[in-house]
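>>> Fold the stuff below for me.
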Amino acid sequence: MNILQIAKSAANMCAVQEPTTLVNPTTQNDQLFASVVQSTLDSLMRSCDWQTLEREAVLYTNDGQKTYNLDNIAPDIYSIISGSLWDKGSMRSVIGGITQESWRQHKQYHIPVIDIYFKIQNNQIVFLKNPGCLEIHFAYRSNAVVLDEKTGEPKTAITKDTDIPVFDEYLVKLGIMWRWLKRSGMDYAEEYDEYVHELNKSYALAKSPSEINLAYVEGEITLNEGIIADVYAENKCE
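Numbering: from 1, shown residues only. Here you go, the predicted structure:
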């Protein structure tokens, strides 16, 4: 379902007039729904570390330049995923964002810098020293809450009634319902409780499970090389 269809479904559940458009609304009802829908999507984007919002980007650094604007690297960036930066050339991790205390210590005491350090300041990546010419790859969380129905282009705000939300449509509908009821001065406790329940369930289902070690846990079970070889011989694919 597109975002207007979801909003209309939410209106039917609340037994109120359906919105006719969410883009450039002129009537009071449409304006209220447009505001509630965008608020719901923005709140969902900030509520959890959704895997559906994870993206990858590349930063090409220049010799002599230590500061890089995040919006120029990835216009839809919300936050960098910590620990994901690495330099493709040297295959080394890029360490950051380091704390202000560590940054000050490096600057004040001239601690020799071997690794590549950075901090996030004013929506910029700031390197501790001149990084030179590097190809740095990293993962980030996007602030794009809808996709264009035809092109799949991620967008941070609704520009067409046919835009598709990146989140579960039922969860979006519940978010619209309780917010509309609240802004209309009506009781929304039941709808809000259901929304929170579905939010927690959706996030739990979206998280990727850790890999399960089917061999052994170091420190708990000790196997000698002969037994490991026998087990491998018995279980290897034909």
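
>>> In this protein, where is pLDDT below threshold?
Applying pLDDT under 70 to the chain flags residues 97-114, 206-238.

>>> which residues sit against the longest helix along it?
With secondary structure taken from DSSP state H, the chain has its longest helix at helix 28-47. If you take Cβ atoms under 8 Å, 6 or more residues apart in numbering as the criterion, helix 28-47 is touched by 3, 6-7, 11, 16-17, 19-23, 25, 50, 53, 78, 143, 145-146, 157-158, 165, 167, 171-172, 175-176, 179-180, 183-184, 199, 203. Bear in mind the C-beta positions are built from the backbone N, C-alpha and C, glycine included.

>>> ok, now stretch 54-62?
Residues outside stretch 54-62 that contact it (Cβ under 8 Å, 6+ apart): 68, 73-74, 76-77, 81, 125, 127, 131-142.

>>> hey, what's the residue most central in space within the chain bridged with?
Closest to where the C-alpha atoms of the chain average out (Cα atoms, centre = their mean) is residue 141, at 3.2 Å. On DSSP bridges, the residues paired with residue 141 through beta bridges are residue 54, residue 79.

>>> Residue 14 versus that one, what's the distance?
31 Å (Cβ to Cβ, to the nearest Å).

>>> go on, residue 123?
Distance from residue 123 to residue 14, by Cβ to Cβ: 38 Å.

>>> Who has more neighbours out of these two?
Remark: of residue 123 and residue 14, residue 14 carries more neighbours, 17 against 9, as counted by other Cβ atoms under 10 Å.

>>> mind listing what the more buried one touches?
177, 180, 181.

>>> ok, and for stretch 126-134, which residues are buried?
For stretch 126-134, burial by neighbour count (16 or more other Cβ atoms under 10 Å) applies to 126, 127, 128, 131, 134.

>>> end-to-end on it?
One end of stretch 126-134 to the other measures 14 Å (Cα to Cα, to the nearest Å).

>>> same question, stretch 146-166
One end of stretch 146-166 to the other measures 5 Å (Cα to Cα).

>>> what's that stretch in contact with?
With Cβ under 8 Å, 6+ apart as the test, stretch 146-166 has contacts from 1-4, 6, 21-23, 34, 37-38, 41, 50, 52-53, 76, 142-145, 172.
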